[in-house]
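1. Take this sequence and fold it.
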Amino acid sequence: HLFVQPELAYKAYGDYPLVIGYGQTISQPYIVAFMTEALGLSPCSKVLEIGTGSGYQAAILAELCDTVFTVEIIAPLAGRAQNILQVLGYKNVFVKTGDGYQGWAKHAPYSAIIVTCSPSHVPEPLTNQLSEGGKMIIPVGERNNQQLVVLVKKAGRLRKEAVLPVRFVPMINQQMEAY
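-> Just a heads-up that it's a prediction; the model follows:
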């Protein structure tokens, strides 16, 4: 309930997405769990999250792995998420305001990448930041026709599997245009 707007706290434990402001949503708990499980994280995993939003997914990841680097393009959301994560005592989550399409190359490679907004295609900068043997889960497609895709990097190539039809907010650039 700490990750949603106070007036929606009474809905925080329902299995549906909720508005968090700025045209963004917090994913339903089922999707958060599904995506997290699909990554097959270990305690030593280093994860890149694209689309920090409220910080909820980052907090879940922080409980399961070593380090979480998370990127949010909407500065007020990034600031709010960083504050909540600090108040809750997460010292292994690092929040950056920036364009998620570009990832966070400074800390690459990542053993896992989770994307919580949907581009029309898999961003090449993200695939380049994924370590050998690493996994990425990402919703891909247009607003009403998206597939949740798991990619695994083996021998420098990506093996791709569509796992679930979904509907996520679009991945946007600095001009608020969809990728």
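2. Can you name the next helix or strand after the lengthiest helix in the chain?
-> Using DSSP state H, we find that the single longest helix of the chain is helix 75-87. Scanning forward in sequence from helix 75-87 by DSSP states H and E, the next helix or strand is strand 93-97.
3. longest strand of this structure?
-> Counting by DSSP state E, the longest strand found in the chain is strand 130-142.
4. returning to that earlier point: does anything pack onto the longest helix of the chain? Which helices or strands?
-> Based on contacts counted as 3 or more CB pairs under 8 Å, 6 or more residues apart in numbering; DSSP states H and E, the elements that helix 75-87 packs against are strand 18-21, helix 56-64, strand 67-72, strand 93-97. Backbone N, C-alpha and C define where each C-beta goes, glycine included.
5. need these in CSV with distance to Leu151, mean neighbour count and mean pLDDT, can you?
-> Putting the helices and strands packed on helix 75-87 into CSV (distance: least, CB to CB, whole Å; neighbours: other CB atoms under 10 Å; pLDDT from 0 to 100) gives the following:
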stretch, distance to Leu151, mean neighbour count, mean pLDDT
strand 18-21, 27, 16, 92
helix 56-64, 18, 21, 97
strand 67-72, 18, 25, 98
strand 93-97, 22, 19, 98
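6. mind putting the ones you listed in a markdown table, distance to Ile113 included?
-> Formatted as a markdown table, the entries for the helices and strands packed on helix 75-87 read as follows, by distance: least, CB to CB, whole Å:
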| stretch | distance to Ile113 |
| --- | --- |
| strand 18-21 | 21 |
| helix 56-64 | 11 |
| strand 67-72 | 10 |
| strand 93-97 | 14 |
